[in-house]
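*Asks:* Provided below for reference: sequence and predicted model.
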Amino acid sequence: MKSYGKRIGAIIMATVMALSVTGCGGKDKKEGSFPQNFSKIGDAGRVAYVMKHATPDSLARFIIYGALGQVPGARIDTLAIATNYAYERLQGEALDKFGAEYETVVASLPLSDKMKVYALAGTEDPQGLGYRLGLEYVADIRDHNKQVEEIRKEIAEFRKACGNDTDTYRRFMVGFRTVLRVDSGKDLPRGVYDAFINE
């Protein structure tokens, strides 16, 4: 988790540094080099600015991390507006790069952040959100070779992020256990199945 957090931090800083090359000057270093009116131009204006000054993959990261409040000096208030603005204006290879990076970043987010992004996007049925996260989590465990203690920590953080929304957490666990049962004995360490299949 620590290395993952460092990787996200590096990506965010790379995005901010890419924007700083454009020389908007006069801003506090901690806030990146965005125009002085950046906080007042709305999501469409912010996306339009980044679209002009950064690559499509950087734009995808900016939108997602901005919506999560993780871009210093910038924010995305409505994820759906920002994302639709980009999809409607990018074309060809640029659109392909944006879409691929957007999906990759969302897929790689920690459970709690992924839940926030799905909820902010407004495209996910609230009742199905927990199930989807649970179903997808086994692939995330496999892709990142996660061990039992790391999985326990992420699930605990996810439960905390759910707060009073116990239904989403319960549905997540149902989806997660369902995939483990279907997948049981395939390619994850036996300890993962044993630890969570009946939890």
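*Replies:* In hand now; what should we look at?
*Asks:* Now the closest residue to Arg75 other than its chain neighbours: which helix or strand?
*Replies:* Distances taken as Cβ to Cβ, 6 or more residues apart in numbering place Gly66 nearest to Arg75, at 5.5 Å, with adjacent residues excluded. From N, CA and C alone the C-beta is placed, and that goes for glycine too. According to DSSP states H and E, Gly66 maps onto helix 56-67.
*Asks:* what separates Phe34 from Gly73, distance-wise?
*Replies:* 5 Å (Cβ to Cβ, to the nearest Å).
*Asks:* higher neighbour count, the two?
*Replies:* Between Phe34 and Gly73, counted using other Cβ atoms under 10 Å, the more crowded position is Phe34 (23 against 17).
*Asks:* Just say helix, strand or coil for that one.
*Replies:* Assigned by DSSP: H, G, I helix; E, B strand; the rest coil, the conformation of Phe34 is coil.
*Asks:* His144: neighbour count?
*Replies:* Neighbour tally, His144, other Cβ under 10 Å: 11.
*Asks:* Show me the shaky parts of the chain.
*Replies:* 1-32, 199 (pLDDT under 70).
*Asks:* Do a quick rundown of the helices in it.
*Replies:* 2-20, 42-53, 56-67, 79-89, 92-108, 111-121, 126-143, 148-162, 166-183, 190-196 (DSSP state H).
*Asks:* Could you provide the ones you listed in CSV, with additional columns for mean neighbour count?
*Replies:* What follows is these, written out as CSV (neighbours: other Cβ atoms under 10 Å):
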stretch, mean neighbour count
helix 2-20, 15
helix 42-53, 18
helix 56-67, 24
helix 79-89, 17
helix 92-108, 15
helix 111-121, 19
helix 126-143, 18
helix 148-162, 16
helix 166-183, 18
helix 190-196, 15
